[in-house]
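K.L.:
3D model of this:
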Amino acid sequence: MGLLARLGNWLAPKPDGEVGRPAVGYGYLQDTRAGHIASRPTILREHRDEIRLAWDRSAGLALDLIHNSGRLKGACDQILADTVGNELTCNPQPDLAGLDYSEGERDELISLIKQWWKRYAWNPAECDFRGKLTVPQMADIGVRWWIAYGESTGIGSYMGPADRARYGIRSGSKLMMVSPIRLVRQTLEMDGLFQGIFHDSNGRASRYRFNTRQLGVNVPQDFAARDRDGIPLVLHVFDPQDASDVRGISPLAPTFRKHIQHEILDDATLQMAVLQTVFAVTLTSDNVSKDAFEAMQAFDDEVSDEYKDYFLARLDQAAKSKINVSGDPTVSHLAPGERIGIETAKIPGSQYLPFAASLSRDMARAMGVTYGGLTMDYQNATYSSVRMETSALWPVVMRRRERIAAPHYQMPYEAGLDEEISAGRIPFKGGYPAFAANRERVCWCLWQGPAKPTADDGKAAKASSERIANGTTTLAQECADLGLDADEVFQQRLLEHKRYVGQGMPSPFTRGFGGGDRQRDGRNEDDEPEAA
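P.N.:
Residues are numbered from 1 along each chain as shown. A predicted model of the protein is given here:
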């Protein structure tokens, strides 16, 4: 009974003003004694409404910080290099089942498509409406827009015979990149318009409203999302975070606070360091100040005169000493009880680097780059730490490549291939009607980017060889991981092999060439002596 009585007293409500123990219970959002959760009020809205309210401010802050921060600018370049590199390599994967194609004919069709794409994608006059950008350059701009605005937009168009003749070009399919700023942020839900995009009764995008520039005036103009054949006419790339999202927001938004805190920390540290770098010479003395002399007036005349004589003698001695910190510094004998000291910079303190590193890690994680890629700080990095850091972030890079960068290649690829087959420049069995009936299957393509970075190329190459030898991978997969086209590698190797053999030289692709069989001379593949 004593235990139950004490428990009842503990659970009983406390009088006003008396601090008691928190009530017993369980559930979400249980606060602390200090009320940390209660101090952070929130409201609940649809995510697309959050984007609609924050889009302009977020885009402005992202651009301002990128333009004025070398670290952020470098991180954005790193994102672009990891995601796209020089370009994404076209690897057509047409599904020709039921279209009467043999394996050799399929390979020949893929070869023709690759040759056409190289010429088309790297000729600005052919692929860009303005005739200024190649497809890789347009993709670079799209990824940069996605970093700053959270989305990338463009308009597909077609040039007629007259315009093609005027510019001396062959293809009419063009893509014109248009800044997401031009996509209006207007919302009229009664008309199906939300943030510049019209939606039909099923919630599918039907039209996009852009502010076009005509004679220096913004004029709203609507562009259809697709043509009558279902071919996309508007490029709109973003990474939705909710099922109802219609626009994207900058991936830098979660980093704004940390980056600004880092800038404030750097500015404050620099100002303190500059003030303290101008060193000061201080003289510490036991002599009393003016207040002490005034206090002596309260003593009687005899005591006061004795103290005055003593301190005057000390001051006379101090006056004879000399301190000079000019170009010819000198310090003479100091009076008794005096000390000289030099004050130097004490900024940054011991906590500066750990705190700055914590801010940088938070930003790097949100941006999807490594800590070293953001800060270029590899002081404490090891092979294992770099490998784990890269491995953890590589799926983020691959996801970004497939969902953000690849659509900038796929849309002009589909439109251009449709035109090439329609015009008969690329032969297709059954003609254009057969292609149109199977457009989605025929236009399927993989876009391969740069290889995964490694901390040790030798170990990575050895691991690749082991996977091939064990049968857990293929040459095509290993080439794809290196950002190479397996077909092009095969054709190039075959060409070089025939050239060497034709000239009576040993081929570098023959096993054992140049010591290709590494197990020789009593040494194994790690150049260590074989065990007896």
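
K.L.:
ok, longest strand in this structure?
P.N.:
Looking across the chain with DSSP state E, the single longest strand is strand 205-214.

K.L.:
now for that strand, which elements pack on it?
P.N.:
Where contact means 3 or more CB pairs under 8 Å, 6 or more residues apart in numbering; DSSP states H and E, strand 205-214 is packed against strand 151-158, strand 197-199, strand 217-224, strand 234-238. Using the backbone N, CA and C atoms, a C-beta is placed for each residue, glycine as well.

K.L.:
Can you tell me the strand partners of the first one and which way each runs?
P.N.:
Strand pairing for strand 151-158, determined by DSSP bridges: strand 173-178 (antiparallel), strand 234-238 (antiparallel).

K.L.:
circling back to that earlier point, would you format the helices and strands packed on strand 205-214 as JSON lines with mean pLDDT, distance to residue 45 and mean neighbour count included?
P.N.:
Formatted as JSON lines, the helices and strands packed on strand 205-214 follow (pLDDT from 0 to 100; distance: least, CB to CB, whole Å; neighbours: other CB atoms under 10 Å):
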{"stretch": "strand 151-158", "mean pLDDT": "95", "distance to residue 45": "20", "mean neighbour count": "21"}
{"stretch": "strand 197-199", "mean pLDDT": "95", "distance to residue 45": "19", "mean neighbour count": "19"}
{"stretch": "strand 217-224", "mean pLDDT": "92", "distance to residue 45": "27", "mean neighbour count": "12"}
{"stretch": "strand 234-238", "mean pLDDT": "96", "distance to residue 45": "19", "mean neighbour count": "21"}
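
K.L.:
Columns distance to residue 469 on top of the ones you listed, output as CSV?
P.N.:
Formatted as CSV, the helices and strands packed on strand 205-214 follow (distance: least, CB to CB, whole Å):
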stretch, distance to residue 469
strand 151-158, 42
strand 197-199, 52
strand 217-224, 54
strand 234-238, 40
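
K.L.:
Can you check which of those gets nearest to residue 266?
P.N.:
strand 151-158 (31.0 Å; CB to CB).

K.L.:
Give the buried residues for the longest strand of the chain.
P.N.:
205, 207, 208, 209, 210, 211 (16 or more other CB atoms under 10 Å).

K.L.:
so what's the third one up against?
P.N.:
When contacts are counted by CB atoms under 8 Å, 6 or more residues apart in numbering, residue 208 touches 153, 183, 196, 197, 198, 222, 223, 225, 234, 236.

K.L.:
What separation do you get for it and residue 360?
P.N.:
Residue 208 sits at a distance of 38 Å from residue 360 (criterion: CB to CB, to the nearest Å).

K.L.:
cool, and the second one?
P.N.:
Residue 207 sits 43 Å away from residue 360 when distances are taken as CB to CB.

K.L.:
Kindly export stretch 407-417 (C-alpha atoms) in PDB.
P.N.:
The C-alpha trace of stretch 407-417 is given here as PDB (Å, rounded to 0.1, in the frame of the first residue of the first chain):
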ATOM      1  CA  PRO A 407      14.800  13.100 -70.800                       C
ATOM      2  CA  HIS A 408      16.700  16.000 -72.400                       C
ATOM      3  CA  TYR A 409      18.200  13.400 -74.800                       C
ATOM      4  CA  GLN A 410      15.200  11.200 -75.200                       C
ATOM      5  CA  MET A 411      12.700  13.800 -76.400                       C
ATOM      6  CA  PRO A 412      14.900  15.100 -79.400                       C
ATOM      7  CA  TYR A 413      15.900  11.500 -80.100                       C
ATOM      8  CA  GLU A 414      12.300  10.400 -80.500                       C
ATOM      9  CA  ALA A 415      11.200  13.400 -82.600                       C
ATOM     10  CA  GLY A 416      14.300  13.200 -84.800                       C
ATOM     11  CA  LEU A 417      14.100   9.400 -85.300                       C
END
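
K.L.:
Poorly predicted segments of the stretch 251-400 of the chain, please.
P.N.:
The stretch 251-400 of the chain contains residues with pLDDT under 70 at 275-349.

K.L.:
could you pull out the strands for it?
P.N.:
Remark: strands assigned in the stretch 251-400 of the chain by DSSP state E, counting those that start in this stretch are 280-284, 323-324, 330-331, 339-343.

K.L.:
and what of the stretch 401-532 of the chain?
P.N.:
Taking DSSP E, counting those that start in this stretch as the criterion, the stretch 401-532 of the chain carries its strands at 445-448.
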